[in-house]
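A.B. asks: Build me a structure from this.
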Amino acid sequence: MIWLGFLRYLEQSPLISESKRMTYAGIPFLYLTVNHENVPQSELEREISICAAKVMKGRQLHSKTQFVRKESPLYVFKHRFLVPQRKMFCCGNECSDCIRLYPPT
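C.D. replies: Residues are numbered from 1 along each chain as shown. Now for the predicted structure:
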């Protein structure tokens with residue numbers, strides 16, 4: 001749910017034409033195809049943090065982004081949404097207060 005909204009916000013950005021998430025060895029990677037070849041990496045990182053903030057609003061999450069590589073119009077980042085230390089994952093039991101689905105009460 002978080003990732004879908006995040007990718008949707010990224011694709012609405014004027015800098016980004018396509019965004020997708022790929023998971024390798026349990027680590028989520030963010031693949032961004034930019035509209036212009038000369039987009040600075042710092043501007044993309046700023047756009048990622050803005051879109052992540054929009055999707056995390058009202059939830060107990062934070063994000064971590066790390067640049068991996070660039071291949072012409074394609075940028076690759078390691079991007080994770082993290083929950084607070086007291087609960088690092090969703091247990092899958094469909095808890096009514098699941099930290100990944102609902103804002104804190």
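A.B. asks: element containing the nearest residue to Leu74 once chain neighbours are set aside, please.
C.D. replies: Sequence neighbours aside, Thr33 is the residue nearest to Leu74 in space, at 5.5 Å (criterion: Cβ to Cβ, 6 or more residues apart in numbering). C-beta here means a position set from N, CA and C on the backbone, and glycine is covered the same way. Per DSSP states H and E, Thr33 falls inside strand 27-34.
A.B. asks: Could you pull up phi and psi at Cys91?
C.D. replies: Torsion angles at Cys91 (phi, psi; degrees, to the nearest 10) stand at phi -80, psi -10.
A.B. asks: what stretches of the chain score poorly on pLDDT?
C.D. replies: Scanning the chain for pLDDT under 70 picks out the ranges 84-89, 96-97, 99-105.
A.B. asks: now the strands for it?
C.D. replies: 16-24, 27-34, 62-71, 74-82 (DSSP state E).
A.B. asks: mind listing what the third one pairs with, with the direction of each?
C.D. replies: Looking at strand 62-71 with DSSP bridges, its paired strands and their directions are strand 74-82 (antiparallel).
A.B. asks: could you point out the longest helix in the chain?
C.D. replies: helix 41-56 (DSSP state H).
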